[in-house]
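> Structure for the following, please:
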Amino acid sequence: MADTPARRAPPCRRTTSRVVSWRRWRQWTGGLSPQAFGGAWLNVLARLATAPGRQAELAGSALRKTLALAQFSGAALRGEAPQADGTPYAHRFADPAWSKFRST
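Numbers count the residues shown, from 1 in each chain. Presented below is the predicted three-dimensional model:
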């Protein structure tokens, strides 16, 4: 079935749709082309696949962060204040309002 000009969207609508789509893509990628974005990720993943030491380092980091999140969540459920003693951020939690978590 031939596409007739009466059935196609007006040129201004097609162009506007493409511009909006392109602007959204630019926001997601920081202005990189899809080929450059995909190529960079492929490069990172290929290098990671051949570096078992780095894989172990990343797995250990993920495990430490997961345990820290679990401890924080457990403290929040018990109504305890965040434990920040000995960190550069300890002064942020000095206010008594930090000793209780919002229930909402």
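> contacts, neighbours, all on C-alpha from now
Noted.
> Would you enumerate the residues in contact with residue 24?
Contacts for residue 24 were tallied using C-alpha atoms under 8 Å, 6 or more residues apart in numbering; there are none.
> which residues in the chain form helices?
Counting by DSSP state H, the chain has helices at residues 11-29, 34-49, 52-78.
> Least confident of the ones you listed, on average?
Mean pLDDT is lowest for helix 11-29 among the helices of the chain, at a mean of 65.
> Only C-alpha atoms, please: export stretch 58-78 in PDB.
Written as PDB, here are the backbone C-alpha positions of stretch 58-78 (Å, rounded to 0.1, in the frame of the first residue of the first chain):
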ATOM      1  CA  LEU A  58      34.900  -4.200  42.700                       C
ATOM      2  CA  ALA A  59      33.100  -7.200  44.300                       C
ATOM      3  CA  GLY A  60      34.800  -6.500  47.700                       C
ATOM      4  CA  SER A  61      33.700  -2.800  47.400                       C
ATOM      5  CA  ALA A  62      30.100  -3.800  46.600                       C
ATOM      6  CA  LEU A  63      30.000  -6.200  49.500                       C
ATOM      7  CA  ARG A  64      31.300  -3.500  52.000                       C
ATOM      8  CA  LYS A  65      28.800  -1.000  50.700                       C
ATOM      9  CA  THR A  66      26.000  -3.600  50.900                       C
ATOM     10  CA  LEU A  67      26.900  -4.400  54.500                       C
ATOM     11  CA  ALA A  68      27.100  -0.700  55.400                       C
ATOM     12  CA  LEU A  69      23.600  -0.100  53.900                       C
ATOM     13  CA  ALA A  70      22.200  -3.100  55.800                       C
ATOM     14  CA  GLN A  71      23.700  -1.800  59.100                       C
ATOM     15  CA  PHE A  72      22.300   1.600  58.400                       C
ATOM     16  CA  SER A  73      18.800   0.200  57.600                       C
ATOM     17  CA  GLY A  74      18.800  -1.900  60.700                       C
ATOM     18  CA  ALA A  75      19.700   1.100  62.800                       C
ATOM     19  CA  ALA A  76      17.000   3.200  61.200                       C
ATOM     20  CA  LEU A  77      14.400   0.500  61.900                       C
ATOM     21  CA  ARG A  78      15.500   0.400  65.500                       C
END
